[in-house]
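Engineer: Quick one: sequence and predicted model below, then my questions.
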Amino acid sequence: MSTLSKYYKQSATYKILKAISAEAYDFLDTLGEIAKNGFITLGYLLTGQVSIKELIEQCSRFGVSSLPITLSIVGMTSIIVASQVASEMVKQGGGNFVGMMMTVLIVREVGAIMSGFAIISMIGSSLASELATMRVTEQIDALKVLKVDPIRYLFVPRVLSGILMMPVVVIIASIVGVLTGAVTTAMTTDLGYRAYFDSAWLGLYMKDLSVSLIKSLFFGGTIALISCACGYTASGGAKGVGLATTKAVVWSFVAIVIWDMIFAIAFFF
Amino acid sequence: MSIEVKNLVKTFGDKRVIDDVSFKVEDGETLAIVGFSGSGKSTILKLICGLIEKDSGDIITSEGDIAMVFQYSALFDSLNVADNITFALTERKDLRKKYTQEELNSIVTKKLELVGLQGIEKKFPSELSGGMQKRVSFARAIVTEPKTILYDEPTAGLDPISSTLIEDYIVRLKEETHAASIVVTHQMSTITRTANKLIMLYDGRIVFAGTPKEMLRQDNEYTKQFVTASLEGPMRMIA
């Protein structure tokens, strides 16, 4: 039996199962940490225990610092879509609907999801690496020794700034996306700005705007929470910081796509 | 009695890193904890200040705050020196809004003077040398008038002159605060200049307890090996 066990432990099956179980454990552990810290953060938010100074700093980081990259990504996505679709639609006689199509696409989907991706890569990764560095350099231990709850001091202003600033970023990005679509359409087809914006208004529904804004609240809060949780639970040295940052980016990407799918099914299915 | 540790046990996985450790430190005393890397010295400090949970045993401390000076200072990178020092006073639930900005400024000036630093209130930790960072972390640690101060390798990574300066400030802080202090260190000079008594750990257990003078007499085979930095003796480095 002992020899059998020894051979089994050297087998590829054992190693694969061990690797899968380690991944599954890590997945559940991360999920648990995110949920636990999320509930504690929510408790602080509901009782209004927020450091205003820290909140303002984080809002500036989330909303202002991220704008150039977010607007660039949404603007370029709009150029890519408009340059390929507008001329085809005009050729097929659908020129009057180009503005509407672009508006629906950007307001419902591109503005929020592409802003989310930009925020993850710029702010999410930075939040995760910041907290992970604080963890490995004992700054989080120092907070605890000084009797300051790290969740209140680190998570609450970051998550709240994500919730508050993401809709602002998405609104600005969506406006830039629609405008970039207009310029691209005017440059690649004979369709004028007037025709584009006349149909753009037709594609602008209150429901789309509301869903987009609510969705962006969830995106912002989720990105900040996951990034903080991944950074907060980092261990080891530089490698640990790198792993935490990667984990935060991957988890945030997956999480906002899941949120997007839930919103699409709930409101547009 | 300021700190009393009784039969403390802590296990990580299968490894018992602290194995039935007991000691007492009175107010105004400094205990040095010495031993090889990985012998459990820093773990004891983390257990005392509650950063990790003990498996069994008792840790009894006087009422009041416990301060800790971390090995690499652990100053908050995003805050300047003044904000680092007053952090507990502005962010702690029971202390925030208790002090006016003028009072906070005055506290910063006094604490910086105590550690021999002036005019660096607006500087960030990255603009300071290792020794200065350490002294700022001393100032941050004593801002709440703690009854217990824990030092985790306070002279690690410092040149001999900066180390001497840090040792002087450890003695000075003890005299100013009359707190019970524990210093985890490898440095003989830190032991002899700051501590009234010491314990030596090996494999999580106390293998010597006495005064620095008794340690230097090398009557014990463990202290003899440590003092002479010999590879021959009962202690084996775990690779």
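Structural biologist: That came in fine, so what should we check first?

Engineer: Mind splitting chain B into its structural domains?
Structural biologist: B:1-20+B:43-61, B:75-148+B:158-179 (automatic domain parsing).

Engineer: Out of those domains, the one nearest chain A is which?
Structural biologist: domain B:75-148+B:158-179 (4.3 Å; C-beta to the nearest C-beta). For the C-beta atoms, the positions are set from N, CA and C on the backbone; glycine is no exception.

Engineer: related to what we said a few turns ago, now the domains of chain B as JSON lines including mean neighbour count and mean pLDDT?
Structural biologist: As requested, those are arranged in JSON lines below (neighbours: other C-beta atoms under 10 Å in any protein chain shown; pLDDT from 0 to 100):
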{"stretch": "domain B:1-20+B:43-61", "mean neighbour count": "17", "mean pLDDT": "91"}
{"stretch": "domain B:75-148+B:158-179", "mean neighbour count": "17", "mean pLDDT": "91"}
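
Engineer: As JSON lines, the ones you listed with distance to chain A would be great.
Structural biologist: Converted to JSON lines, those look like this (distance: least, C-beta to the nearest C-beta, whole Å):
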{"stretch": "domain B:1-20+B:43-61", "distance to chain A": "5"}
{"stretch": "domain B:75-148+B:158-179", "distance to chain A": "4"}
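
Engineer: Okay, helices next: where are they in the chain?
Structural biologist: No chain was given, so I picked chain A. A:2-10, A:12-46, A:52-59, A:67-91, A:98-105, A:111-119, A:125-136, A:139-145, A:150, A:156-188, A:193-202, A:206-232, A:238-268 (DSSP state H).

Engineer: You answered for a different chain; I wanted chain B.
Structural biologist: So, for chain B - with DSSP H - the helices run B:41-48, B:81-85, B:87-91, B:101-114, B:130-141, B:160-177, B:188-194, B:212-216, B:221-228.

Engineer: can those helices go into JSON lines with extra columns for distance to A:Thr41?
Structural biologist: JSON lines is the format used below for the helices of chain B (distance: least, C-beta to C-beta, whole Å):
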{"stretch": "helix B:41-48", "distance to A:Thr41": "25"}
{"stretch": "helix B:81-85", "distance to A:Thr41": "23"}
{"stretch": "helix B:87-91", "distance to A:Thr41": "16"}
{"stretch": "helix B:101-114", "distance to A:Thr41": "28"}
{"stretch": "helix B:130-141", "distance to A:Thr41": "26"}
{"stretch": "helix B:160-177", "distance to A:Thr41": "36"}
{"stretch": "helix B:188-194", "distance to A:Thr41": "41"}
{"stretch": "helix B:212-216", "distance to A:Thr41": "48"}
{"stretch": "helix B:221-228", "distance to A:Thr41": "47"}
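
Engineer: Please name the residues that touch residue 67.
Structural biologist: All of this refers to chain A. A:169, A:172 (C-beta atoms under 8 Å, 6 or more residues apart in numbering or on different chains).

Engineer: nope, chain B
Structural biologist: B:Ala67 neighbours (C-beta under 8 Å, 6+ apart): A:145, B:141-142, B:144, B:146, B:148-150, B:179.

Engineer: Run a quick neighbour tally on A:Leu213.
Structural biologist: 17 (other C-beta atoms under 10 Å in any protein chain shown).

Engineer: what do you get for A:Ile113?
Structural biologist: Using other C-beta under 10 Å, A:Ile113 has 21 other residues around it.

Engineer: and if you look at B:His186?
Structural biologist: 15.

Engineer: so it touches B:Glu153, yeah?
Structural biologist: Yes. The pair formed by B:His186 and B:Glu153 meets the contact definition of C-beta atoms under 8 Å, at 7.0 Å.

Engineer: for chain B, what are the nearby residues on the stretch 51-200 of chain A?
Structural biologist: By C-beta under 8 Å from any C-beta of the partner chain, the residues of the stretch 51-200 of chain A that approach chain B are A:51, A:133-134, A:137-139, A:141-142, A:144-148, A:153.

Engineer: Swap in 6 Å and give it another go.
Structural biologist: A:138-139, A:141-142, A:145-148 (C-beta under 6 Å from any C-beta of the partner chain).

Engineer: related to what we said a few turns ago, so which of the helices of chain B is nearest B:Phe70?
Structural biologist: Closest approach to B:Phe70 among those (C-beta to C-beta): helix B:130-141, 6.6 Å.

Engineer: Please compute how far that closest one lies from its chain's middle.
Structural biologist: Here the centre of helix B:130-141 is set off from its chain's centre by 12 Å, with C-alpha atoms, centre = their mean, to the nearest Å.
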